[in-house]
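Visitor: whatever this is, show me its structure:
(chains A, B and C)
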Amino acid sequence: MSHQVYSKLREPLVTGDVSLHQITEQACAPLERRAGLTWWMAFALALTALGVGAAAVTYEIATGIGTWGLNKTVGWAFDITNFVFWVGIGHAGTLISAVLFLLRQKWRTSINRSAEAMTIFAVICAAVFPLIHMGRPWLAFWTAPYPNFRGPLWVNFRSPLLWDVFAISTYFTISLVFWYIGLIPDLASARDRAKSKIRKFIYSIMSFGWNGSSRVWSRYETAYLLFAGLATPLVVSVHTIVSMDFATSVIPGWHTTIFPPYFVVGAVFSGFAMVMTLLIIMRKVVNFQNFITVNHLENMAKVILVTGSIVGLAYSTEFFIAWYSGNEYEGFTFVNRATGPFAWAYWIMVSCNVITPQLLWFKKIRRSVPMLFILSIFVNIGMWFERFVIVVTSLHRDYLPSSWAYYTPTLIEIATLVGSFGLFFTLFLLFCRALPMLALGEIKSVSKFGRKPRHPELDDHSKPAAKQPGKSTRAHQRETAHV
Amino acid sequence: MSRLVIGVFADEDHVVDATRDCRLAGFEIQDVYTPYAVHGMDEAMGLRRSRLTWVCFAAGAAGCAFALWFQYYTQAVNWPINVGGKDPWQMPAYVPIAFELTVLIGGLTTMLALFVRSRLFPGKRAKLPAPGVTDDKFALVLLQRDSSFDAERARAILAQHHVERVLESGGLS
Amino acid sequence: MNQTKLQFRTGPAAPKVLGVLAAIGLATFAAGLIQDAPRAWSSWLLAAFYFVTLALSACFFLAFNYLAKSGWFVALRRVPEAMTAWLPVAFVSMLVLALGTGQLYEWVQPHGEHAHVIAHKSPFLNQWFFAARIPIYFAAWIFLSRKLAANSRAQDADGDLRHTVSSWKTSAAFMVLFALTLSLASFDWLMSLDATWFSTIFGIYQFAGLFEAGIATILVVVILLRRRGYLAEVNDSHLHSLGQWLIATSVFWAYIWFSQFMLIWYSNIPEETSYYLIRSQGEWWTVSFIVNPAVNFVLPFILLLPRAAKRSPRMLLRVSLIVLVGHWIDLWAGIMPRLMPQGPTFGYVEAGVTLGFGAAFALVILKKLERAPLVPLKDPYLEESLHHNI
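Guide: Have a look, this model is predicted:
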């Protein structure tokens, strides 16, 4: 069986009836034209933000962690919030590239490349925060278990913070490999159509002599499947381990067994929101509406709805068990979250993560690009606040009322957060200029999906979609489009 | 002196059928060059399943074993430290890093194995059988070793499957 | 498609044998009640919950695949549909359980040094509210699972797309209610057995076991039907996909199992560790920390890793049976240790009651399978499923 059979209900993943050549053409277009004014403006803005962050971090390293708003009760706050936030953003990329691949969700092909790029950039942003939290980042190599003359005194392998070092670096490496392997065939496409010598030279080196041999494709597909199989548990393990930074403690609000799956789902939720925000801009700016269709956005909206609801369920479970446990400290922590001095943050979190995403139950909203854009921004905000609420509200009222405290971030901390966004967008904008933003090969392989054969006279194969007497596939799609 | 007969197609279904028919007719298939991984091509070419899976499994298992041994050695043998009143050797705390190293070593080895086995390396010069195989063309390349090669028959099979054009060449450059 | 094999027929002997076995199960339960009531009730809970999870898992599988718009599962969809027919019987079994709360749950009459902690929970944990929640859970499950099965049957007749659309919506509703009710039901029925103990992940833990065992049951039924010459439409790729699900769910189970244990072990808070302390006594340790992860995770994972194994009905059947035993052991190690803290003893009551329930479950599935063609003939995705090829 070589020919794929699709149900008549399947809608095309690539619209506009483009040929294979046009796919290459359109997807490579942003690389081959000069950057427009919009790109330069966005790049300047991102660089400025990055500069602000770099200045803040330089000042912080020169002066010390005292430049932050931490106090002896709240010893973890903004920095860790940002770390968890950025790691979470990264998760959607792997989810789209690996999990949806294993689930054979073909719509992933249009969005996986840019989502994977996002993963890598988000992990870079995340890694910055523990590094600067060390206070003396030049000693970061102390987290590596290398033989030394201090005994040797090894790192503590039982510390979740060390697990983080291994999890984040493994995640970064494997994501990078996965992403690059996916890029090779597309770099070959870019190479073979490059006009300028320099461009051809660079893409030649980067594409590893790829020539589309099916013998290689066969191994490549196996390797890709293996990477997906490895990356899936890996992505789960990463946020699990991040959650264990908190959950292995004995602090009410931090220690609860639901944290691993709840953090993972929350990460996917926030990551998908970020992918949605970026793709909505990208498809407009570089004209990818044929590839990133409203159907793609709707599917992502569904994932956001599901994960948002699971996050809501986790919130309620935590609240319920806090009461059910009969532990007064546990109970106080949760009541304090909702009614204490940080109640504003808590209610921002609940509104943005649990309430507004419920609007996605409505098909109209799921298919309205402006609404999706607004909602995805809400989720980004809500998920940042979720981490803030978990980190800060669990700490700020200690067991002794004499050590109760409030936490306010300083300008340095806020500038660092701005800088991390600057770093993220700088990298992303450079990616848009340098590498194919769409997985060309994969999109081509699904370009027939749900589509009427383009040359019916040439097509002598039985295609159930085409065999519907009296009704074309398109007519069927129109019929089913409203369901 | 072996020569190559190259059939260039514009549709994945046609090239898959042509490949299968050529193979069944006894022609030696040098390779099929396609812009993307075509579903069913392995079966049409009669390729064996890749053994990368086992490389990955073995490397992952080795990574896991190494991580467990290393943690055991450093935490329980070389310099035991009392953390949280628990014994220096307690499995649960060592699972996360054992898992991470399983994935890391399994993944990197798979990548290397793929590159070595497929002879892909940075800067390698690409040998294309026909222009467009990284864009929208599918090239089926038949190997002609000696005079027993029935060129007429090959062309007939290719034509039957809507070949766009047929090229002949002494080798890929 | 082979029309003659579309209609399933059980042999004449099977219903009789299964009926007798079910009666034996009931008799064992009655005998157990006289001899050792708490143990008999625990066995009832174990068996009743075990088969609720299988039926619910089938419904979850349907809903999940409808929502993902998957095509491949259509050819074997009648199997999970038949499994959901158990839910009404399961409802009765759980109502019976409500009669035994006094023998099962410490919170009915709190005593001992933690009585005040347990009394604190009485607004939630009291016999009346406990019994009242059962019909609420089952109302949702039965109504929605019947709706899915009815849509599927109706489409056989008219091929109308509306039924598929209706199933999509029903599935969405099911997912929401399932998430809520399964968490609460697992707190009610299982977690409250250790009345002072609590774990927020517990609902997800039960879900993981449920999902894994449900896939195993679907595999067993599909493979047995294929052996009798039915379901020829289900090819090796379908088995492969189910095998992939089995391996994935076993990994997921291990992940959740480990997360709960690791966090409680690491933090070492007395009110949480009590649960694992009792499960570390004597041979319970072997059951909880060696046998349980071995049968639910290690064996299925290793055995199904090769591609050939996922396409071999023999291997899949074996692994599925291991998983089904594993799910029972998982629940057994969750329910029984309070009654026999010194170590596990295996009695005729657990075996008899589970056997009886199993026979009744099989009977219901067989009867349900007879009521409809084994393949949903006019499903819009059927063609895709028949050509499923991976």
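
Visitor: can you pull the contacts of the residue lying closest to residue B:113 once chain neighbours are set aside?
Guide: Leaving out its chain neighbours, the residue that sits closest to residue B:113 by Cβ to Cβ, 6 or more residues apart in numbering or on different chains is residue B:55, at 4.6 Å. C-beta here means a position set from N, CA and C on the backbone, and glycine is covered the same way. Residues in contact with residue B:55, defined by Cβ atoms under 8 Å, 6 or more residues apart in numbering or on different chains, are B:109, B:110, B:113.

Visitor: the first one and residue B:59 touch, don't they?
Guide: Read it as residue B:109. Yes - with contact defined as Cβ atoms under 8 Å, residue B:109 reaches residue B:59; the gap is 3.5 Å.

Visitor: and residue C:166, what helix or strand is that in?
Guide: If you go by DSSP states H and E, residue C:166 is part of helix C:161-189.

Visitor: which helices and strands does that helix pack with?
Guide: helix A:294-324, helix C:37-67, helix C:127-158, helix C:202-227 (3 or more Cβ pairs under 8 Å, 6 or more residues apart in numbering or on different chains; DSSP states H and E).

Visitor: please spell out which residues along that helix are buried.
Guide: Buried positions in helix C:161-189, judged by neighbour count with 16 or more other Cβ atoms under 10 Å in any protein chain shown: C:161, C:163-164, C:166-167, C:170-172, C:174-175, C:177-189.

Visitor: returning to that earlier point: can you redo the helices and strands packed on helix C:161-189 as JSON lines with distance to residue A:161, mean neighbour count and mean pLDDT?
Guide: Shown next, in JSON lines, are the helices and strands packed on helix C:161-189 (distance: least, Cβ to Cβ, whole Å; neighbours: other Cβ atoms under 10 Å in any protein chain shown; pLDDT from 0 to 100):
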{"stretch": "helix A:294-324", "distance to residue A:161": "23", "mean neighbour count": "21", "mean pLDDT": "93"}
{"stretch": "helix C:37-67", "distance to residue A:161": "36", "mean neighbour count": "23", "mean pLDDT": "94"}
{"stretch": "helix C:127-158", "distance to residue A:161": "42", "mean neighbour count": "17", "mean pLDDT": "93"}
{"stretch": "helix C:202-227", "distance to residue A:161": "25", "mean neighbour count": "23", "mean pLDDT": "95"}
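
Visitor: any residues of the stretch 51-200 of chain A in contact with chain C? List them.
Guide: Contacts of the stretch 51-200 of chain A with chain C, taken as Cβ under 8 Å from any Cβ of the partner chain, map to A:102, A:103, A:104, A:105.

Visitor: can you tell me the helix or strand for the spatially closest residue to the first one that is not a sequence neighbour?
Guide: With Cβ to Cβ, 6+ apart as the measure, residue A:228 is the residue that lies nearest to residue A:102, at 5.4 Å, once sequence neighbours are left out. Under the assignment given by DSSP H and E, the secondary-structure element containing residue A:228 is helix A:214-247.

Visitor: continuing past that helix, what's the next helix or strand?
Guide: Proceeding N to C from helix A:214-247, the next assigned helix or strand is helix A:259-285, under DSSP H and E.

Visitor: so, in contact with chain C or not, that following helix?
Guide: Yes - residues of helix A:259-285 are located near chain C by Cβ under 8 Å from any Cβ, namely A:259, A:260, A:261.

Visitor: next one: the closest residue to residue A:48 other than its chain neighbours from residue A:416, what distance?
Guide: Distances taken as Cβ to Cβ, 6+ apart place residue A:422 nearest to residue A:48, at 7.0 Å, with adjacent residues excluded. Note on residue A:422: its distance to residue A:416, by Cβ to Cβ, to the nearest Å, is 10 Å.
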